[in-house]
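Student: Any chance you can model this:
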Amino acid sequence: MKNEKCRQYLVGRQNWIEGENKGKNMSIVIVGGNECMTCQYESICKGYGCKAKCFPKEKGMLKKKIGKPDLIVLFIGTVSHKMMLSATQEAKKNGVPVARIQSSSATALHNALKEYCL
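Tutor: Modelled structure (predicted):
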């Protein structure tokens, strides 16, 4: 009985490592995009099992607000150079992957989350 529980734990752990539960409870920071779509961005991320923080404009120091997410999404078509530089510097410092997306549409966010979260 004990060996069976250990084996189930190891199989579950191996699935976790291989990425079966990759998107579960990920934290995502979205930099740029449209202000009117922030609620939509958050609901899309919630659909993938991720928590999202949206920063369409810079209000204060972005470096202090980003934290240590699992993924940073940059909508490079609608973000200022200053915000882009501070986000990429924080990502490099913390070893966080950055998804750079040209358009700030919901479809583009879906495609990026499929790539990184599934």
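Student: and the residue positioned nearest the centre of the chain, which of the three is it?
Tutor: In the chain, the C-alpha nearest the mean C-alpha coordinate belongs to I28, at 2.6 Å (C-alpha atoms, centre = their mean). Assigned by DSSP: H, G, I helix; E, B strand; the rest coil, the conformation of I28 is strand.
Student: Return the distance of A99 relative to M61.
Tutor: Per C-beta to C-beta, to the nearest Å, A99 is found 22 Å from M61. (Each C-beta comes from the backbone N, C-alpha and C, glycine too.)
Student: Next, the contact list for L62, please.
Tutor: V31, F55, M83, S86, A87, E90 (C-beta atoms under 8 Å, 6 or more residues apart in numbering).
Student: what about stretch 61-74, start to end distance?
Tutor: With C-alpha to C-alpha, to the nearest Å as the measure, the first residue of stretch 61-74 is 17 Å from its last.
Student: Just give the number of residues close to I76.
Tutor: By the measure other C-beta atoms under 10 Å, the count of residues near I76 is 14.
Student: what's the nearest residue to S86 if we skip its chain neighbours?
Tutor: Leaving aside its sequence neighbours, S86 sits nearest to L62 (C-beta to C-beta, 6 or more residues apart in numbering; 4.8 Å).
Student: Kindly state the pLDDT recorded for that neighbour?
Tutor: The per-residue pLDDT reported for L62 equals 85.
Student: From K53, how far out is it?
Tutor: Distance of L62 to K53, given as C-beta to C-beta: 11 Å.
Student: Need the residues touching each of these two.
Tutor: By C-beta under 8 Å, 6+ apart, L62 and K53 have no common neighbours.
Student: Could you look up the SS state of the nearest residue to I101 once chain neighbours are set aside?
Tutor: Among residues not flanking I101 along the chain, A108 sits closest, at 4.8 Å (C-beta to C-beta, 6+ apart). Three states are possible here, and by three-state DSSP the one that applies to A108 is helix.
Student: Confirm for me that A108 is in contact with Q102.
Tutor: Yes: A108 is within contact range of Q102, at 7.4 Å (criterion: C-beta atoms under 8 Å).
Student: Among the two, which residue is more densely surrounded?
Tutor: Taking neighbours as other C-beta under 10 Å, A108 and Q102 compare with A108 leading, 17 against 11.
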